[in-house]
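Q: can't give you the sequence, but here's the structure:
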DNA sequence: GACGCTGTCAACACTGTGTCGAGATTTGTC
DNA sequence: GACAAATCTCGACACAGTGTTGACAGCGTC
């Protein structure tokens, strides 16, 4: 146990009269342990006991702080989402549509890349946890609404041609980004290299929104 | 137990001298039970015991036929993939690129929609099973290679403009389809309606491959 | 009629989750 | 500085699920 505490709280205890770590410290220790372990293996392969030991507490004590390991991931994910949103806000000052799209995509990509472990764990847990699924759905829905509004704006001012309903287009483009980022971050195959992923996605977005297919009336 | 057997083998046993069901029957019963139960809940929520009981056997006997419940899903998925491939082959006779793309996408969509339960379970198990992940990776890789070849062909004959590397484009478009189908089949939010999903995807594909953005050189 | 093959399952060992209740520690109050 | 309340801690338990073992049953066949 002493060994585990050292992992998280630094140097071993020497002085006298040291109280036990506060609740906040413990909670933080659990979150840090979770993010560290997620870098090594998936949440399914991490037991509540692993998280508890990593934070220097027993398993029942873990349950004093979190209802389950999903709850830990949810807390981590909340932070990440907050960070991603903040990143996008910062990019609002850009000018032309190309730059807006590029910066928005790049910003999300950066945030996720900096916390790969959490992003990938979240993608994985979407399958089994309704709460993760709902949180994620809200995030994507937010992106979709902004995208839809932007497409409709560009169509109204005549800059973008008509075509599929703006929302359907927005949904398809946003899911594409989500899935492609996931593949790139996890080095799944097939994937796009980290260096090329932004350019590729931006190109598809720009053509899907602004481009007119040369073959629009060829066949069917 | 008798009740479970009736579920799968039809009418209750009456005659004399009936041998126990053959190994093939049992294996089929397990697969059928799995597909039926997957229509109701996810594979995580289905225990080996559920599958065994549904097939009228005990849990240890289940392990005589399959190494795990993942192995059952893998067998189901193998069939589905085979069916999807066959569907695409049938569409080879179409003429213009628009029709080729549309028929290819529609064919995959149909196959998956007809076995929603399996397709969704596979997407879910990609997270936790390396074997499912690898099988799925091979499937998508196949689509990507065909798409890449098609794009390069169209570029060579001057029908499609240059841009991002053909393979990167192909990867992005195929992941988009995968993710959008998944969202549509599971009625996730946000999703595209079943009726509009093909048109939307085809439009993005055509524009991404053939369309030139009107703003290509607008901003930075 | 005993050998081998395919099936079959009760009982076991194990891993992991979540809960309970009894106690220790800390904090606030007078 | 003592007492109560709130906060924190964990041993021990109940439970659900997985996968294995070993004994044994039916069936063809030489």
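A: The structure has been received and is ready for your questions. Computed from a prediction, not measured in an experiment: that's the story for all the values here.
Q: which SS class is the spatially most central residue of chain A?
A: The centre of chain A sits closest to residue A:119, judged by CA atoms, centre = their mean, with a distance of 4.2 Å. State at residue A:119, reduced to three classes by DSSP: H, G, I helix; E, B strand; the rest coil: helix.
Q: Residue A:40 too?
A: coil.
Q: Got the phi and psi for it?
A: phi -100, psi -40 (degrees, to the nearest 10).
Q: Quick check, pLDDT for residue A:93.
A: pLDDT recorded at residue A:93 is 67.
Q: Return the residues in contact with the residue lying closest to the residue nearest to the centre of chain A once chain neighbours are set aside.
A: In space, and not counting its chain neighbours, residue A:119 is closest to residue A:112: 4.3 Å by CB to CB, 6 or more residues apart in numbering or on different chains. All C-beta atoms are positioned from the backbone trio N, CA, C, and that covers glycine. If a contact means CB atoms under 8 Å, 6 or more residues apart in numbering or on different chains, then residue A:112 has A:80, A:84, A:119, A:181, A:185 as its contacts.
Q: and residue A:193, that one's in a strand?
A: No - counting by three-state DSSP, residue A:193 is not found in a strand; it is coil.
Q: For chain A, name the helix or strand with the lowest mean pLDDT.
A: In chain A, no helix or strand scores lower on mean pLDDT, DSSP states H and E than helix A:2-9, which sits at a mean of 36.
Q: What is the burial count for residue A:58?
A: With neighbours defined by other CB atoms under 10 Å in any protein chain shown, the count for residue A:58 comes to 13.
Q: ok, it touching residue A:52?
A: Yes - look at residue A:58 against residue A:52 with CB atoms under 8 Å: they come within range, at 5.9 Å.
Q: sorry, back to before: and the residue nearest to residue A:119, what pLDDT?
A: For residue A:112, the model assigns a pLDDT of 96.
Q: Tell me how far it lies from residue A:38.
A: To residue A:38, residue A:112 is 13 Å away according to CB to CB, to the nearest Å.
Q: what's the answer for residue A:91, then?
A: Distance, residue A:91 to residue A:38, by CB to CB: 28 Å.
Q: repeat for residue A:205
A: Residue A:205 is 30 Å from residue A:38, by CB to CB.
Q: try residue A:136
A: In terms of CB to CB, residue A:136 sits 16 Å off from residue A:38.
Q: So these two - more neighbours on which side?
A: Legend: neighbour count by other CB under 10 Å for residue A:136 and residue A:38, higher for residue A:38 (24 against 19).
Q: Would you agree the more buried one is in contact with residue A:46?
A: Yes - Residue A:38 is within contact range of residue A:46, at 7.2 Å (criterion: CB under 8 Å).
Q: right, is stretch A:134-151 up against chain B?
A: Yes - under the criterion of CB under 8 Å from any CB of the partner chain, chain B is reached by stretch A:134-151 at A:137, A:140, A:141, A:144.
Q: The third one looks like it's in a helix, true?
A: Yes - using three-state DSSP, the secondary structure at residue A:141 is a helix.
Q: pLDDT value on it, please?
A: You'll see residue A:141 listed with a pLDDT of 97.
Q: burial count for it?
A: 14.
Q: thought it was touching residue B:190?
A: Yes - in terms of CB under 8 Å, residue A:141 counts as a neighbour of residue B:190; the distance is 5.3 Å.
Q: what's the offset of stretch A:104-122 from the middle of its chain?
A: 5 Å (CA atoms, centre = their mean, to the nearest Å).
Q: Please read the previous query as pertaining to stretch A:56-71.
A: Mean-position distance between stretch A:56-71 and its chain equals 24 Å (CA atoms, centre = their mean).
Q: I'd like the residues of stretch A:134-151 next to chain B as a markdown table, with distance to DNA strand C appended.
A: Shown next, in a markdown table, are the residues of stretch A:134-151 next to chain B (distance: CB to the nearest atom of the strand, whole Å):
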| residue | distance to DNA strand C |
| --- | --- |
| A:137 | 22 |
| A:140 | 26 |
| A:141 | 27 |
| A:144 | 32 |
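Q: how close does the closest residue to chain B within chain A get to residue A:94?
A: The minimum distance from chain A to chain B, using CB to the nearest CB, falls at residue A:211 (2.8 Å). Applying CB to CB, the value for residue A:211 to residue A:94 is 21 Å.
Q: Show me which of those two is the more surrounded one.
A: residue A:211 (27 against 15).
Q: My guess is the more buried one contacts residue B:207. True?
A: Yes - taking CB under 8 Å as the definition, residue A:211 is a contact partner of residue B:207 at 4.5 Å.
Q: Can you report how many residues lie near residue A:76?
A: Other residues close to residue A:76 by other CB under 10 Å number 21.
Q: Show me the shaky parts of chain A.
A: For chain A, the stretches flagged by pLDDT under 70 are A:1-23, A:93, A:213-220.
Q: redo that, cut-off 80
A: Applying pLDDT under 80 to chain A flags residues A:1-23, A:89-95, A:212-220.
Q: give me phi/psi at residue A:115?
A: phi -130, psi 50.
Q: OK, contacts around the closest residue to it other than its chain neighbours?
A: Nearest non-adjacent residue to residue A:115, counting by CB to CB, 6+ apart: residue A:80, 5.4 Å away. Applying CB under 8 Å, 6+ apart, we find residue A:80 in contact with A:111, A:112, A:115, A:118, A:119, A:122.
Q: Can you add distance to residue B:99 and give those back as TSV?
A: Formatted as TSV, the contacts of residue A:80 follow (distance: CB to CB, whole Å):
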residue	distance to residue B:99
A:111	41
A:112	37
A:115	44
A:118	43
A:119	38
A:122	39
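Q: count of residues packed around residue A:175?
A: 27.
Q: so where does it fall, helix or strand?
A: helix A:166-185 (DSSP states H and E).
Q: can you tell if that helix touches chain B?
A: Yes - using CB under 8 Å from any CB, we find that helix A:166-185 touches chain B at A:167-169, A:171-176, A:178-180, A:183.
Q: Give me the buried entries from those.
A: Among the residues of helix A:166-185 next to chain B, the ones that count as buried by 16 or more other CB atoms under 10 Å in any protein chain shown are A:167-169, A:171-176, A:178-180, A:183.
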